[in-house]
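S.K.: What shape does this take:
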Amino acid sequence: MRALVIDNKKLRYVSDYILTARKKNEALIKILHAGICNTDIEITRGYMKFEGVLGHEFVGVVERCRQKDLIGKRVVGEINITCGHCSFCRKNMHNHCPNRSVLGIFNKDGVFAEYVTLPVRNLHLLPDSITEEEAVFIEPLAAAFEITRQVEIMPYHKVCVLGDGKLGLLAGQVISLRECDLMVVGRHRDKLSILKKRGIKIELCSDFNKRGFDIVVDCTGSPSGFETALNIVRPRGTVIMKTTTASRTTFDMNSIVVNEVTIIGSRCGPFPPAIEAIEKRDIHLQPLITRIFPLEQGVKAFRYAGRKGVLKVIVKVN
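M.R.: Numbers count the residues shown, from 1 in each chain. As a prediction, this is how the structure comes out:
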């Protein structure tokens, strides 16, 4: 089958990739569209040392499945494939299953290919009102909703989102639903204008000098984002980390201890509220789409997605 494959940090398009055999609990899914994520770009730089088919944001159609009512239905899918019986799975902490594989990231071929297999329990039906282009945002939007599940954000909280990339713009829209005192800080006026049109306060990094935030969310995708977050959060405030990079960073642990700052790592999140928010048009996604490429131009699509100022790049597969 046609696929985008990463091997020794080299991304290439192939037309003869062999699909792994489908397991009994899995569905065979024909991929329609897939989104390029910053994590995918970091993998091409060595993050997770992954080799195989890249990609984890997708919408597809179920072609084969033991659950017959799913056949022919459009679906999206959660990316963590877990064992279901370890202590973490039994505590409903499936995303931390030590036996997990992760779609297109760890030990499981991803979705920049004609087909993928996924456990039926990972799948969510896509409502007719959501377009395929919008559907590729469901996984990262779920990650943004994880923030509000981990931390209770009240109207009186001062919250700052750092970063005006795809995740920062999604996180800003999700957090704005809590009607708190929110500001999103980034480097690009045109990207921030997407949120300004939604009534969200914005500020350019070059003009930003505020401190004392109750909650700071780092979506910068940069190792320096954490240092900035520590500088602007108030004593006994909370910093939520959404950034993952191939590079390593150092930081001042003293400021965390002295200011008694709470640090929370935040990763995957719940799909149902993300799907509902798109259905209700609480989240605007169309302005975040920069360009759509066919799968055959996938390598070019990745180069384009890595440019400064580019937001969501989508790969049309089938």
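S.K.: Point out the other helices and strands that whichever strand or helix holds Y13 packs with.
M.R.: Counting by DSSP states H and E, the element that carries Y13 is strand 10-14. Using 3 or more Cβ pairs under 8 Å, 6 or more residues apart in numbering; DSSP states H and E, the elements in contact with strand 10-14 are strand 3-7, helix 298-305. From N, CA and C alone the C-beta is placed, and that goes for glycine too.
S.K.: winner for burial among these?
M.R.: strand 3-7 (a mean of 22; mean count of other Cβ atoms under 10 Å).
S.K.: can you give me the helices for the chain?
M.R.: Secondary structure of the chain (DSSP state H): helices at 38-43, 87-90, 132-135, 138-150, 166-176, 189-196, 224-232, 253-258, 271-279, 298-305.
S.K.: Quick one: closest of the helices and strands packed on strand 10-14 to N318.
M.R.: Of all these, strand 3-7 sits nearest to N318, with 12.2 Å by Cβ to Cβ.
S.K.: what sits up against the closest one?
M.R.: 11-14, 17, 43-44, 50-55, 109, 112-114, 295, 298-299, 302, 315 (Cβ atoms under 8 Å, 6 or more residues apart in numbering).
S.K.: One more pass at 10 Å, please.
M.R.: By Cβ atoms under 10 Å, 6 or more residues apart in numbering, the list of residues contacting strand 3-7 from outside reads 11-19, 31, 34, 36, 40, 43-44, 46, 49-55, 104, 109-116, 295-296, 298-299, 301-302, 315, 317.
S.K.: now R66: how far from Y115?
M.R.: Separation of R66 from Y115 (Cβ to Cβ, to the nearest Å): 17 Å.
S.K.: The two - which one has more neighbours?
M.R.: Between R66 and Y115, Y115 has the larger neighbour count (other Cβ atoms under 10 Å), namely 23 against 12.
S.K.: Okay, and the beta partners of the more buried one?
M.R.: K30 (DSSP bridges).
S.K.: before we move on, back to that, can you put the helices and strands packed on strand 10-14 in JSON lines and add mean pLDDT and distance to E227?
M.R.: Output for these, formatted as JSON lines (pLDDT from 0 to 100; distance: least, Cβ to Cβ, whole Å):
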{"stretch": "strand 3-7", "mean pLDDT": "96", "distance to E227": "30"}
{"stretch": "helix 298-305", "mean pLDDT": "97", "distance to E227": "26"}
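S.K.: Go through the ones you listed and name the closest to T131.
M.R.: Proximity to T131, assessed across the helices and strands packed on strand 10-14 by Cβ to Cβ, is greatest for helix 298-305 (19.1 Å).
S.K.: Where does pLDDT dip in the stretch 201-318 of the chain?
M.R.: Scanning the stretch 201-318 of the chain with the threshold set as pLDDT under 70 gives 246-248.
S.K.: how about the strands in it?
M.R.: Counting by DSSP state E, counting those that start in this stretch, the stretch 201-318 of the chain has strands at residues 201-204, 213-218, 233-241, 262-265, 289-294, 312-316.
S.K.: so how far is L28 from the residue nearest the centre of the chain?
M.R.: By Cα atoms, centre = their mean, the chain has its centre lying nearest to P140, at 2.9 Å. Distance from P140 to L28, counting by Cβ to Cβ: 24 Å.
S.K.: which residues does the residue nearest to G104 when sequence neighbours are not counted contact?
M.R.: Excluding the flanking residues, the one nearest G104 by Cβ to Cβ, 6 or more residues apart in numbering is G110, at 2.2 Å. Listed by Cβ under 10 Å, 6+ apart, the contact set of G110 reads 3-6, 31, 34, 40, 43, 50, 52-58, 79, 102-104, 116.
S.K.: of all the strands of the stretch 201-318 of the chain, which gets the most neighbours per residue?
M.R.: Highest mean neighbour count among these (mean count of other Cβ under 10 Å): strand 213-218, a mean of 26.
S.K.: now that one, how far from the centre of its chain.
M.R.: Taking Cα atoms, centre = their mean, to the nearest Å, one finds the center of strand 213-218 at 19 Å from the center of the full chain.
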